[in-house]
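# below: sequence and its predicted model.
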Amino acid sequence: MKIGLTGGIGSGKSTVASLFEACGAVLFDADAVSRELTAAGGAAVALIAEAFGTGVVTPEGALDRAAMRRRVFGDEAQRRRLEGILHPLIAQRREQVMARAAGRSVVFDIPLLTESPAWRQRVDRIVVVDCLEATQVARVVARSGLTEDEVRRIMASQASRAQRRAVADAVIFNEGLDLQELDGEVRHLWAHWQACETMLRL
Ligand code: ATP
């Protein structure tokens with residue numbers, strides 16, 4: 001079973017992903033894959049340099065994210081060009097993870113799943129981690145050092161809570177739960193979906 005996991009910034013996606021992993025799922029972390037591909041020596045860096053010039057590569061050989069952001073900001077053609085490089089590499093990683101999973105369920109942690117029809121089509125079920133916007137802001141400010149305004153700007157650029165819930169097969173409301181309670185929610189959903197899979201195979 002392919003489970004798509006999403007939620008707004010600071011909702012608790014990574015925490016929930018680890019809890020699914022503890023249940024026995026194989027994890028595909030889209031952000032981690034993108035970071036790896038664009039880190040020094042990453043498979044995407046040479047291709048990006050070829051397409052955009054060395055101005056978007058740091059002296060250490062990693063993607064210069066700030067420079068790249070400036071290039072693609074408001075420029076649809078450039079953004080598509082970058083995606084044309086990254087998407088096939090991400091697809092390769094996805095196939096590798098699926099092969100390694102050998103039939104076990106895979107959890108795809110995709111922050112922008114709601115915004116991506118292609119990703120939504122690739123998964124069998126979608127679980128959304130949801131919480132109040134004030135909680136998102138408090139968690140991200142505490143963790144990242146971003147200001148409240150910066151966090152709210154990021155939130156405004158992402159899908160709304162209602163848009164995410166509209167594509168969800170299940171919602172985990174990560175509000176007022178301690179980690180043990182959150183773990184209970186994840187285990188419950190995991191057991192339910194595994195049982196559904198078994199029934200479908202009968
Ligand atoms: P991002 O989109 O920024 O990557 P995320 O959605 O993956 O964030 P996490 O990194 O899982 O969110 O959680 C954000 C922060 O909130 C972390 O510091 C995490 O430990 C904390 N957190 C998440 N859920 C809970 C909870 N139920 N109780 C206490 N802390 C929590």
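Perfect, thanks for sending it.

# so stretch 16-30, near the ligand or not?
No. Figure legend: stretch 16-30 not in contact with the ligand (CB under 6 Å from any ligand atom); closest approach 6.7 Å. All C-beta spots, glycine's among them, are computed from the backbone N, C-alpha and C.

# looking at this structure, which helix or strand is least sure?
helix 65-72 (a mean of 92; mean pLDDT, DSSP states H and E).

# and the helix or strand following it, what's buried?
With elements assigned by DSSP states H and E, the helix or strand that comes after helix 65-72 is helix 76-101. Of all the residues in helix 76-101, those buried under the rule 16 or more other CB atoms under 10 Å are L82, I85, L86, L89, I90, R93, R94, V97, M98, A101.

# all strands of this protein, in order?
Assigned by DSSP state E, the chain shows strands spanning 2-7, 26-29, 106-109, 125-130, 170-173.

# phi, psi for the residue most central in space within the chain please.
Centroid-nearest residue in the chain: I110, 2.4 Å away (criterion: CA atoms, centre = their mean). Taking degrees, to the nearest 10, you get phi -120, psi 100 for the backbone angles of I110.

# that one and A49: what is the separation?
Taking CB to CB, to the nearest Å as the measure, I110 falls 27 Å from A49.

# what's the answer for R164, then?
From R164 to A49 the distance is 35 Å (CB to CB).

# the more surrounded of those two?
R164 (22 against 15; other CB atoms under 10 Å).

# my guess is that one contacts T6. True?
Yes. At 6.4 Å, R164 and T6 qualify as touching, with contact defined as CB atoms under 8 Å.

# now list whatever residues contact both of these two.
Shared contacts of R164 and T6, defined by CB atoms under 8 Å, 6 or more residues apart in numbering, comprise T114, V128.

# what about the residue nearest to Q194 when sequence neighbours are not counted, how many neighbours?
Nearest non-adjacent residue to Q194, counting by CB to CB, 6 or more residues apart in numbering: S105, 7.2 Å away. The number of residues packed near S105 is 19, by other CB under 10 Å.

# and what of the one 10 residues further on?
Residues within reach of E115, counting by other CB under 10 Å, total 16.

# what's it in contact with, if anything?
Neighbouring residues of E115 by CB under 8 Å, 6+ apart: Q158, A159.

# per-residue confidence for it?
pLDDT for E115: 93.

# pull up the residues of this structure that are close to the ligand.
Counting by CB under 6 Å from any ligand atom, the residues of the chain near the ligand are 7, 9-15, 111, 139-140, 143, 174, 177-179, 182.
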